[in-house]
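Asks: sequence? don't have it. structure:
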């Protein structure tokens, strides 16, 4: 569903009635990265969405009394797709940054977590920029993590290798094609708990916080003109937090203590 989704919805519904079939379409369409990003969002073998962030989206949509659907879009094209009105918003662990805010608006923060480096088992845990000179660090392209690696590690003599999806970066680390990977601590913890992750890699530590680069946390991204939708989502975040929904959902997915959640942000 694109920019004129409600008009399209009406046309599609009328056409369906004429053909004697129903046309169940979502009221709101959000996008996330097409690449798997467990434990936040991923698609199972049946193509169904699952994960903490997907369930959070559905919970917030229930708070708004809206029916919502999630579509996959490649991360490096997801903001242009929003500006082209191919969906209503982005709900996919997008960090809030000043650079992104030049193009789009963000809702209130709905979670935050540390940025970390992981590497091969038994390696030197000194992850100061000077200690990683000559090393290759993997990160997903068009992310705050790639920007952080550029600012601190590449400036000190390391090399950045970027990937379309986080799973590709993790696979290269497991295969020894990069020395380290930087990403969100929760999603990398999910990888480290997998069979491949347990076999190859371990946590090296959290990188020092730089809010200017990494942002204050994650929010839903909305077009600047869609102020009513922005306010509606913010209201849903506030009401869902007030009833303890965030922590309850975190417990369900084994993420308690790993995420900073509303209203504690």
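Replies: On my side now, so go ahead. No experiment lies behind these values; they were computed from the predicted model shown. Numbers count the residues shown, from 1 in each chain.
Asks: From here on, just use CA atoms for contacts and neighbour counts.
Replies: Noted.
Asks: Now do the domain split for this structure, please.
Replies: Using automatic domain parsing, the domain ranges for the chain come out as 5-112+216-252, 115-214.
Asks: what number of residues lie near residue 149?
Replies: When neighbours are defined as other C-alpha atoms under 10 Å, residue 149 has 24 of them.
Asks: how far away is it from residue 36?
Replies: To residue 36, residue 149 is 22 Å away according to C-alpha to C-alpha, to the nearest Å.
Asks: on that earlier part again, out of the domains of the chain, which is closest to residue 264?
Replies: With C-alpha to C-alpha as the criterion, residue 264 lies closest to domain 5-112+216-252 of the domains of the chain, at 9.4 Å.
Asks: Tell me who's in contact with the closest residue to residue 43 other than its chain neighbours.
Replies: Excluding its sequence neighbours, the residue lying closest to residue 43 (C-alpha to C-alpha, 6 or more residues apart in numbering) is residue 49, at 4.5 Å. By C-alpha atoms under 8 Å, 6 or more residues apart in numbering, the contact list for residue 49 reads 41, 42, 43, 70.
Asks: could you redo the last one with a cut-off of 10 Å?
Replies: By C-alpha atoms under 10 Å, 6 or more residues apart in numbering, the residues touching residue 49 are 40, 41, 42, 43, 55, 69, 70, 71, 72.
Asks: ok, back up a step: can you lay out the domains of the chain as JSON lines showing mean pLDDT and distance to residue 264?
Replies: Converted to JSON lines, those look like this (pLDDT from 0 to 100; distance: least, C-alpha to C-alpha, whole Å):
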{"stretch": "domain 5-112+216-252", "mean pLDDT": "88", "distance to residue 264": "9"}
{"stretch": "domain 115-214", "mean pLDDT": "97", "distance to residue 264": "17"}
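Asks: quick one: which of these is nearest residue 260?
Replies: The closest of the domains of the chain to residue 260 is domain 5-112+216-252. By C-alpha to C-alpha, the value is 5.1 Å.
Asks: now that closest one, how far from the centre of its chain.
Replies: Offset of domain 5-112+216-252 from its chain centre (C-alpha atoms, centre = their mean, to the nearest Å): 11 Å.
Asks: Is the nearest residue to residue 191 once chain neighbours are set aside in a helix, a strand, or coil?
Replies: Of all residues not flanking residue 191 in the chain, residue 197 sits nearest, at 5.3 Å (C-alpha to C-alpha, 6+ apart). For residue 197, the secondary-structure state derived from DSSP: H, G, I helix; E, B strand; the rest coil is helix.
Asks: Confirm for me that residue 197 is in contact with residue 172.
Replies: No - using C-alpha atoms under 10 Å, residue 197 is not in contact with residue 172; the gap is 11.4 Å.
Asks: show me where the stretch 1-150 of the chain has strands.
Replies: Assigned strands in the stretch 1-150 of the chain, in chain order: 28-33, 42-43, 49-50, 68-73, 89-90, 104-106, 115-120, 136-140 (criterion: DSSP state E, counting those that start in this stretch).
Asks: Which of the ones you listed sits closest to residue 206?
Replies: Among the strands of the stretch 1-150 of the chain, strand 115-120 sits nearest to residue 206 (C-alpha to C-alpha), with 4.0 Å.
Asks: Mind listing the strands the closest one pairs with, and their directions?
Replies: Sheet pairing for strand 115-120, assigned by DSSP bridges, gives strand 180-184 (antiparallel), strand 201-206 (antiparallel).
Asks: Pipe these into JSON lines and attach mean neighbour count and distance to residue 231 per row.
Replies: Putting the strands paired with strand 115-120 into JSON lines (neighbours: other C-alpha atoms under 10 Å; distance: least, C-alpha to C-alpha, whole Å) gives the following:
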{"stretch": "strand 180-184", "mean neighbour count": "25", "distance to residue 231": "27"}
{"stretch": "strand 201-206", "mean neighbour count": "19", "distance to residue 231": "33"}
